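**Student:** return atomic coordinates for the entry below.
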Amino acid sequence: MSLEANKKVVVDFFGAISARDARRLSELMHANFQWWIIGTLPFSGTKDGAAFKGAVQMLWDVIEGPVALHVDQLTAEDDRVALIAHGKMVTKTGMRYDNTYNLLLTVKDGKIIGGREYFDTQLVAKAFGF
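**Tutor:** Down below sits the predicted model:
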């Protein structure tokens, strides 16, 4: 795939998360999907597709209203796409959840096969009640 096609897959992937579209999210995940999340949170470490979708569902359950994820920078090389993004959200308890994300994703056959995700873990712990 071209670099632009890989970037589109990544943008579509985060669009599915923002839209709370579990079906589309699954369609964009490779069968051998692996995701690594920084920190010591309950969903930190390397996870398979089912565990990743569980973490996304947890986000959907905690956030009131739109899951507003905004792509700030996007760079691609070979099969990798680097993404810097930010969120502007409010939890169901009324807490602001405005996190910043830095991700490195790998695309294979038009789907996300892997990702490494970095964000403010203390903010996540507070927003998710850990």
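**Student:** CA atoms for contacts and neighbours, from now on please.
**Tutor:** OK.
**Student:** what strand or helix carries the residue nearest in space to the middle of the chain?
**Tutor:** The centroid of the chain falls nearest to Phe14 when counting by CA atoms, centre = their mean (6.2 Å). Element membership for Phe14 (DSSP states H and E) is helix 3-18.
**Student:** what is the mean pLDDT for that helix?
**Tutor:** For helix 3-18, mean pLDDT rounds to 96.
**Student:** ok, and for that helix, which residues are buried?
**Tutor:** Across helix 3-18, burial judged by 16 or more other CA atoms under 10 Å covers Leu3, Asn6, Lys7, Val9, Val10, Phe13, Phe14, Gly15, Ala16, Ile17, Ser18.
**Student:** residues in contact with the lowest-mean-pLDDT helix or strand in the chain?
**Tutor:** Comparing helices and strands within the chain by mean pLDDT, DSSP states H and E singles out helix 121-128 as the least confident, with a mean of 90. If you take CA atoms under 8 Å, 6 or more residues apart in numbering as the criterion, helix 121-128 is touched by Ile38, Gly39, Leu41, Val62, Thr91, Met95, Tyr97, Asn99.
**Student:** may I see the ChimeraX selection of the buried members of these?
**Tutor:** Selecting only the buried entries of these in ChimeraX, with 16+ other CA under 10 Å as the criterion:
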select :62,91,97,99
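**Student:** lowest pLDDT pick from the contacts of helix 121-128?
**Tutor:** Leu41 (87).
**Student:** how near is that residue to Gln122?
**Tutor:** Distance, Leu41 to Gln122, by CA to CA, to the nearest Å: 9 Å.
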